[in-house]
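Q: model the following, please.
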Amino acid sequence: MDWNEILQWSQKGFIASCALVVQMVLALATGQQAENAKPKVSNQPVTDEALGVYHAVLSDWADDGKSAVHLAAETIALPSDALEGCPKNIEWEKSSAAEVHRFREDDVPKLGSSKISLVERDAQEKEIAKNDPGAAIRKGKSVDDAVRSGFASGMVTLSEIRFDARHEHAIVWYGFHCGSLCGSGGTVVMERKDGAWRRNGYCSMWISNAPREVPSTTASHSSR
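A: Below is the predicted model:
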């Protein structure tokens, strides 16, 4: 094989490699678009059963009846890894992650507190950024005042619910976001006892010490 043939083979190899890289980039981009695609918002109202579960989850924020609770008006899809760490002896229904729901003003009384206000996630995130405790402390605000302001503008986000086969158990992802380093969350296991939903443990929990975002359909967990 002479140098011209070697050069031709090298050029073909380079072109093939470039083509492979392009295919990989396109595949990754397509996968990312699919991952970030927003699920369809259902035109059906949130069921009374689901509102009962959400009521129990929100009790931590609404129990004093005084503090305002900013609740994202739209749920998110339950994270794909939500069942990790959950009880293995419960037969969970198959996921229907194709749709999410929007809370309506008529739902608020059923969520347990008149202090709950429905907010649009993007708009409330801007308020959270304005009152970020970390930024306020860097500007000289006292820690107590900064945290108080951050919590006052914080937002609770709830996921879709996964029930077990008998609808005696349910899991919900929930998150409280109040700044770049301010938030907490988890995936909680709920159990129906005597007709009422109560917390029965956690599959996972987190407390924010680094910036976090509300997970996409395929992301992992977060709440308070």
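Q: show me how far stretch 163-173 is from its chain's centre.
A: Here stretch 163-173 is found 18 Å from its chain centre; the criterion is C-alpha atoms, centre = their mean, to the nearest Å.
Q: quick check: mean pLDDT of that stretch?
A: Across stretch 163-173, the average pLDDT comes to 95.
Q: got the contact list for it?
A: Stretch 163-173 is contacted from outside by 49, 53-54, 57, 76, 78-79, 82-83, 86-87, 90-93, 158-159, 161-162, 185-192, 197, 200, 203, 215, 221-223, using C-beta atoms under 8 Å, 6 or more residues apart in numbering. Every C-beta, even on glycine, is put in place using the N, C-alpha and C of the backbone.
Q: report the buried members of those.
A: Buried members of those, counted by 16 or more other C-beta atoms under 10 Å: 53-54, 57, 76, 78-79, 82-83, 86, 90, 92, 158-159, 161-162, 185-192, 197, 203, 215, 221-223.
Q: that older thread, just the contacts of stretch 163-173: which are in helices?
A: Using DSSP state H, E49, V53, Y54, V57 are the members of the contacts of stretch 163-173 that sit in helices.
Q: and the pLDDT at the second one?
A: I take that to be V53. pLDDT at V53 comes out at 97.
Q: does it touch V189 like I think?
A: No - using C-beta atoms under 8 Å, V53 makes no contact with V189, being 10.8 Å away.
Q: domains of this structure?
A: Annotated domains of the chain cover 1-37, 40-207 [automatic domain parsing].
Q: tell me which of the ones you listed is the most buried.
A: Mean neighbour count, computed with mean count of other C-beta atoms under 10 Å, is highest for domain 40-207 among the domains of the chain, reaching a mean of 17.
Q: now do the contacts for the nearest residue to E191 once chain neighbours are set aside.
A: Spatial nearest neighbour of E191, excluding adjacent residues (C-beta to C-beta, 6 or more residues apart in numbering): N200 at 3.9 Å. For N200, the contact set (C-beta under 8 Å, 6+ apart) comprises H169, V189, M190, E191.
Q: shouldn't the second one be in contact with M205?
A: It refers to V189. No - checked against C-beta under 8 Å, the pair V189 and M205 is beyond contact range at 11.6 Å.
Q: just to revisit the earlier point, where among the domains of the chain is the average confidence lowest?
A: domain 1-37 (a mean of 42).
Q: can you add distance to P39 and give the ones in helices among the contacts of stretch 163-173 back as CSV?
A: Below are the ones in helices among the contacts of stretch 163-173 laid out as CSV (distance: C-beta to C-beta, whole Å):
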residue, distance to P39
E49, 20
V53, 19
Y54, 18
V57, 20
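Q: helices of the chain, start to end?
A: 3-36, 48-62, 121-130, 133-138, 143-153.
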